[in-house]
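K.L.:
heads up, no residue letters with this:
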């Protein structure tokens, strides 16, 4: 039995080392794109999200504030807010705890959150109907490689009612596999500039 546990721990350690290396490679590739190219791809992603989600009126949609060259969906957030969606942003309350989602609206006062990512300074905590999770990498099975903190996996696992979960990233983030582990939760769909 001890031998099996040791092999499992060795496999997990090897996967985590591989993920760190792959994460850095993918972030470097994303940041190497000229900002004008990232903006153009973000616009395409936003249009594919409109197609994927359809009418968002009355839905609470958790988005994210762009970080390290992630697709910038802030203009899209303003548009869906104008169309009747309630927008929310993820907030890290505690390092090993699930995220909370705080209501956001255009012009909301923001403050620096975890990793200095802006979060709403005010706003009530909400439960999203849709969660858009940024991806550093993703595979064909819908598994997402994030930044390694486990925030989205931990949050989704803790939710009483699972929202629709959409991974968002650039097409260059596609990889053969993230080598999923037991705690990894797949996205229902991944949306890139190439579509869902």
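P.N.:
Thanks, I have the structure now. Small disclaimer: the values here were computed from a predicted structure and weren't measured.

K.L.:
In contact with residue 40: list those residues for me.
P.N.:
Residues counted as contacts of residue 40 (C-beta atoms under 8 Å, 6 or more residues apart in numbering) are residue 193. From N, CA and C alone the C-beta is placed, and that goes for glycine too.

K.L.:
distance of it from residue 72?
P.N.:
Here the criterion is C-beta to C-beta, to the nearest Å. By it, residue 40 lies 11 Å from residue 72.

K.L.:
name the helices or strands packed onto the helix ranked longest in the chain?
P.N.:
Among the segments of the chain that qualify as a helix by DSSP state H, the longest is helix 2-32. Using 3 or more C-beta pairs under 8 Å, 6 or more residues apart in numbering; DSSP states H and E as the contact criterion, the secondary-structure elements in contact with helix 2-32 are strand 137-138, strand 144-145.

K.L.:
go again using 10 Å as the cut-off
P.N.:
Other elements packing on helix 2-32 under the criterion 3 or more C-beta pairs under 10 Å, 6 or more residues apart in numbering; DSSP states H and E are helix 35-53, strand 137-138, strand 144-145.

K.L.:
okay, and the helix or strand of this protein with the least pLDDT?
P.N.:
When the helices and strands of the chain are scored by mean pLDDT, DSSP states H and E, strand 110-112 comes last with a mean of 82.

K.L.:
Give me the residues contacting that strand.
P.N.:
If you take C-beta atoms under 10 Å, 6 or more residues apart in numbering as the criterion, strand 110-112 is touched by 65, 89, 91, 104, 117, 118, 119, 120, 121, 122.

K.L.:
so which of the helices and strands packed on helix 2-32 comes closest to residue 17?
P.N.:
Distances from residue 17 to each of those were compared by C-beta to C-beta, and the smallest falls on strand 144-145, at 13.4 Å.

K.L.:
And the next helix or strand past that closest one?
P.N.:
Next helix or strand after strand 144-145 toward the C-terminus (DSSP states H and E): helix 151-158.

K.L.:
Between helix 35-53 and the helix or strand following that next one, find me the angle.
P.N.:
Per DSSP H and E, the first helix or strand lying C-terminal to helix 151-158 is strand 164-168. Relative orientation of strand 164-168 versus helix 35-53 (axes from the mean of the first three to the mean of the last three C-alpha atoms, to 10 degrees): 160 degrees.

K.L.:
list the helices and strands strand 164-168 packs on?
P.N.:
Contacting strand 164-168 under the criterion 3+ C-beta pairs under 10 Å, 6+ apart are the following elements: helix 35-53, strand 60-62, strand 130-134, strand 137-138, strand 144-145, helix 151-158, strand 189-191.
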